[in-house]
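*Asks:* Give me coordinates for this.
(chains A and B)
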Amino acid sequence: MKNKICFLAVFMMILSLFTGCGGSSSDSGGSSDGNDVAYYAYNSEPILNWDPSVEFSNGVIVLNNVYETLLRFNPTTKKYDYVLATSYKKSSDGLVWTFKLRKGVKFHDGTTMTADAVKYSIERTQKKEVGASYIWAPVKEIKAIDDYTVQFTLNYAAPLDMIASCPYAAFIISPKVKDKPDNWLEQGNEDGTGPYKLSSNKMGDEVVLSKFNDYWKGWNGKHFSKAVIKKTSETSSRRQMVEKGDADITNNLPAEDVKALKSSQNVKVDIEPSFTNLVAFFNTKKAPLDNEKVREALTYAFPYENAVKYAAGGLAKQSTGVIPVGMWGHGDSLTKYSLNLDKAKSLLKEAGINEGQLKLSLTYMSGDESEKKTAELYKSELSKIGVNLEVRAMPWESQWQQAKGTDIQSRQDILMMYWWPDISSPYSWAYNLFHSEKNPLYNLAYYSNSQYDQLVDDGYKMSSTNIEEAENKFIDAQKILLKDNPAVFIYDKEDAWITNSSLGGFKANSAYPLVVFFYDCYRK
Amino acid sequence: MKSYILKRILLGVVVLFGVILITFFLTRVIPSNPAAQWAGSRATPAQIQKARIELGLDKPIYVQFEKYVVDLFHGNLGTSLRTKQPVLKELETYLPPTIELVFWSTIMAVLIGIPLGLNSARKKDHALDHFCRFFSVGAVSLPTFWVALFLQLIFYRKLGILPLGGQLDTKMNILYNVPHNTGLLLLDSLLSGQIPVFLNAAKHIILPAVTIALYPMGLVARMTRSSLLEILEEDYIKAARSYGIKERFIIWRYALKNSMGTTVTVLALSIGYTLTNTFLVEAIFSWPGIGNYISTAVVSLDYPAIMGVTLFSACAYILLNLIADIIISFDPRVRV
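*Replies:* From the prediction side, this is the model:
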């Protein structure tokens, strides 16, 4: 008995030691000693590759705070804000672009940013030939005219302002990096001009950034001095952390959680367009999908409303065309299909297909719940008109490999995938997804229409000279797609940003996917 | 004994080779495109082809296997397709947190499970025995994810006395120089005298360790009870009692030692299993361990990472079984 009491006493002492000491139980961005630390609970690894010339994935949420670009796209004004550049002009033929650079900008190593740094950064990215380096393909030559003037000569007219504002592969890096080993950046080092520098990095888990004292914008006013981006894959954990104030911001929560949080006093929910949309491509080279009537029938047989409601949890809007809502070039007045099984049946009959005769295969990326639900909903509707749809989940690489197979007959009939932009332009969707390709890359409907191609090419060239005219070109191009139906344009996804009520200054910028610009945020 | 250990090690090497061979060829047979993964999302065909050559995938499969085995002998486990980091370096990063977690959960399981099973056997058919049997069944049957979420709800959300997840409060990284020598945070912080870091890390490990400890705890309690019940009926125990030897001495000195054989074996297997199956617990508690690493590697078909983890898992099982057999061999009843 004595031993039991002793044991219990020791146990209680140890427990009180743990619960009483070692700081508070919260990782609070909102506690009194965490007021100047921003905490972003992110659902995946914050960054996998620290090389800004290479990273083409999640890592931009870190890199866009550590590095900067010449320009930044503003989705509200649909123009480009000056960041490292203060002005730019282009020649009348669009082949020569001259940028004036901001003076007094320092890299984290203490050196001053000059035109040579811009030349070095972009040439380095071009030479790497990986990731999004292809965005610089139009650039033939870069010249440092003087310390603060850089001139780009292009092979062909292209919107260089759009390219220079890209969230990937457009960062300006210190030339001192060339004196370091080749993989120095990749191994978790940085040298940018951004407001934050790397303080600590636990690969694949957590990144801590601390303020760069010599940042060119200065630190007057309210700003966070540190920012933490931590991988927290469990959705209930992220929700609880933001509600309690242990995290300041998160996203990618299930629709049910977002709905519940709208009534919470402690958090704010912002629904923003994400520039990500879901598309189902028909194999237009394989019978019977080479028949326009069949494709139109299958487009009418799609459950758009249910896909938005059940697959996307209401966090989406039905697509009108291929350019998503929020991006210029989006056409609200374009044809919007709706579920009409009778019309679908009659179109199939006109195409000479009897009920029960048609068997199709659809592939989607495994692990994606929304794609899975969408595919199952589509299968269910098609079964009502006697079309047998086999639905197959595959890893993306396998799905893509099958789609690019040399034997057209062995490719899928329908491929479902999300698309998000590399550059903030309708060109990213219009060109990549439907422009004619010699060998399939992302045009996985294998669609080819010279009139469409011309409109898209013209739209791209006009993007920097006459944006209104360029927009008309992209809208006309989409009218062709909506007539030919090489794909079903399902929905434009929305991002639900959940912020703790103590966080101020946050504004989502869909052109920079899931990026929080910590410098603009502050503790209320 | 020495020859026994040597034989087991040699057998272990053969098993390891078999595991490497099968896993290597399986990962090559599964439909995937490692070159596309290496080249990154939206890679052009030229980039993918370049990646193919860089990864040696254009060579015959037996040449690839030979290179892999030769690299293994040089301590090179390859490079992750997803992260582009050496797999060995990643294992060095992700293994210690899991080892630490599994270690403390095993300690908990043993310190609670054995006394529970022991007292349950002593007080057979009493209230304690009923509690122990109920607890054992509950502990092994409750789903791990449910336990994890439940503990978070009670101790973090409602009571606010323990953290939600992670290894440390974020501000610890900011305010203190968190040591990283062995990768075992509790040990490193204790050895470097960073007591606030130690205490904070200790607080963070409680909930995930308890979650993982439940299953082996139930198992150990149950196995200890069953073995002890048998042994307590033996003649030598009756003889010891008749000599007037104290019951506590009989239980701890004679009975428990003789009942540990099966329990140790089962515990060793349980540790091996837990080491590579913590991904649910690690995901829920945001614990930066090998579980998360494995699940991501498998889902993304990152075959160098899969190979590395499989190798580690096989080594762990072989080593743990060897240790278990060595412990059991101290029992003079067991012929080695």
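*Asks:* Other residues contacting stretch B:260-279?
*Replies:* B:98-99, B:101-102, B:105-106, B:109-110, B:114, B:212, B:215-216, B:219-220, B:223-224, B:227, B:287, B:289-292, B:294-295, B:309, B:312-313, B:316-317, B:320-321, B:323-324, B:327-328, B:331, B:334 (Cβ atoms under 8 Å, 6 or more residues apart in numbering or on different chains). Yep, even glycine has a C-beta here, placed from its N, CA and C like the rest.
*Asks:* Just the buried residues out of those residues, in PyMOL syntax.
*Replies:* With 16 or more other Cβ atoms under 10 Å in any protein chain shown as the burial test, the buried ones among the contacts of stretch B:260-279 are selected in PyMOL as follows:
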select buried, chain B and resi 98+99+101+102+105+106+109+110+114+212+215+216+219+220+223+224+227+287+289+290+291+292+294+295+309+312+313+316+317+320+321+324+328
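*Asks:* contacting residues for whichever residue of the stretch 151-300 of chain A sits closest to chain B?
*Replies:* Nearest residue of the stretch 151-300 of chain A to chain B: A:Asp205, at 4.1 Å (Cβ to the nearest Cβ). A:Asp205 is in contact with A:45-46, A:230-231, B:286, B:288, counting by Cβ under 8 Å, 6+ apart.
*Asks:* The stretch 101-250 of chain A: helices as residue ranges?
*Replies:* Using DSSP state H, counting those that start in this stretch, the helices of the stretch 101-250 of chain A run over A:115-128, A:160-164, A:235-244.
*Asks:* quick one: B:Gly160 and chain A, what's the gap?
*Replies:* 6 Å (Cβ to the nearest Cβ, to the nearest Å).
*Asks:* okay, now that residue: neighbour count?
*Replies:* By the criterion of other Cβ atoms under 10 Å in any protein chain shown, B:Gly160 has 13 neighbours.
*Asks:* and what of the one 5 residues further on?
*Replies:* Per other Cβ under 10 Å, the neighbour tally for B:Gly165 reads 27.
*Asks:* repeat for A:Lys178
*Replies:* 11.
*Asks:* who are the neighbours in contact with it?
*Replies:* A:Lys178 neighbours (Cβ under 8 Å, 6+ apart): A:120, A:124.
*Asks:* Check what pLDDT it gets.
*Replies:* Here the pLDDT value assigned to A:Lys178 is 94.
*Asks:* A:Lys359 is in contact with A:Asn388, isn't it?
*Replies:* Yes - between A:Lys359 and A:Asn388 there is a contact under Cβ atoms under 8 Å: 4.5 Å.
*Asks:* Neighbour count: those two, which is higher?
*Replies:* A:Asn388 (13 against 10).
*Asks:* Tell me the spacing between the more buried one and chain B.
*Replies:* Distance check for A:Asn388 against chain B: by Cβ to the nearest Cβ, it reads 24 Å.
*Asks:* Ok, A:Val515 next?
*Replies:* In terms of Cβ to the nearest Cβ, A:Val515 sits 17 Å off from chain B.
*Asks:* Report the secondary structure state of that residue.
*Replies:* Put simply, A:Val515 is coil when judged by DSSP: H, G, I helix; E, B strand; the rest coil.
*Asks:* contacting residues around the residue of the stretch 251-400 of chain A found nearest chain B?
*Replies:* Chain B sits closest to A:Glu397 of the stretch 251-400 of chain A, with a gap of 4.0 Å, by Cβ to the nearest Cβ. For A:Glu397, the contacting residues are B:32-34, B:36-37, B:301, by Cβ under 8 Å, 6+ apart.
*Asks:* Check what pLDDT the residue of the stretch 151-300 of chain A closest to chain B gets.
*Replies:* Looking at A:Asp205, the pLDDT reads 87.
*Asks:* Need the phi and psi values for it.
*Replies:* Taking degrees, to the nearest 10, you get phi -130, psi -60 for the backbone angles of A:Asp205.
*Asks:* can you check A:Tyr364 too?
*Replies:* Dihedral pair for A:Tyr364: phi -140, psi 170, per degrees, to the nearest 10.
*Asks:* Identify all residues paired with it through a beta bridge.
*Replies:* For A:Tyr364, the beta-bridge partners are A:Ala393 (DSSP bridges).
*Asks:* Equivalent analysis for A:Glu141, please.
*Replies:* Bridge pairing for A:Glu141 - DSSP bridges - gives A:Thr153.
*Asks:* how close does it sit to chain B?
*Replies:* Distance of A:Glu141 to chain B, given as Cβ to the nearest Cβ: 22 Å.
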